[in-house]
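**Student:** Could you work out the structure for the sequence below:
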Amino acid sequence: MSKINRPKQPEVLRAKILKATQHVLLSEGLAALTQEKVLAQLDISKGGLQHHFRTKQDLLDALFDHVYEGFEELYNDALAQEPAGPARHIRAYVIAASRSGDEEKLWGQTLVLLAVSNANYQARWQHSLEQISQADSLDPGKQLACRLFADGLWYSLVIGPHHHMDHVHDALDEILSLTE
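**Tutor:** Prediction:
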């Protein structure tokens, strides 16, 4: 029997492992997540998995990093398009939170499940929100209204109930008008 030579692409394999971890997490829950269940989604050995992620916690940390970085990218893209002003950062946060594609929905669901289960993840998220808040000079009440709107919209897009996107865009325009 001949040995199959697969090209080594560690980043591609890590991404597949994280996708499988996310699938198990979202379909079965955090308590049911095991390396064995992740392996059942993949065509690799346990040693191959543990070469990249020694423990379940390593998997969870890397998955959180992945989805957190995905949201940060959305935020940074929105920030790059915002003109300078007293509400630039909160506007970018609201816009990033309003993204409703399939990938963003999965990121959101994953962030929620992981953040409620781990104080370190919560602290990282809170630190980001504090930095956004401190970067602007918008009236604190208006800034909080924008952030709470963004958080509520984000949860609605991630968990439901789903709203007609025209209504979402109208609400988005209304809340962003507070920043002008």
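**Student:** residues touching the residue nearest to residue 175 when sequence neighbours are not counted, list them.
**Tutor:** In space, residue 175 comes closest to residue 149 once its chain neighbours are excluded; the distance is 4.4 Å by Cβ to Cβ, 6 or more residues apart in numbering. C-beta here means a position set from N, CA and C on the backbone, and glycine is covered the same way. Residue 149 sits next to 94, 171, 175 when contact means Cβ atoms under 8 Å, 6 or more residues apart in numbering.
**Student:** for this structure, which helix is longest?
**Tutor:** helix 56-81 (DSSP state H).
**Student:** Would you tell me what the next helix or strand after that helix is?
**Tutor:** Sequence-wise, the next helix or strand downstream of helix 56-81 (DSSP states H and E) is helix 88-97.
**Student:** Check which helices and strands that following helix sits against.
**Tutor:** Counting by 3 or more Cβ pairs under 8 Å, 6 or more residues apart in numbering; DSSP states H and E, the packing neighbours recorded for helix 88-97 are helix 56-81, helix 119-135, helix 140-159, helix 165-177.
**Student:** now the longest helix of the chain, how far from the centre of its chain.
**Tutor:** In terms of Cα atoms, centre = their mean, to the nearest Å, the centre of helix 56-81 is set 5 Å apart from its chain centre.
**Student:** same question, stretch 125-133
**Tutor:** On Cα atoms, centre = their mean, the centre of stretch 125-133 falls 14 Å from that of its chain.
**Student:** Number the chain from 24, please
**Tutor:** All right, first residue 24 from here; so that's stretch 148-156.
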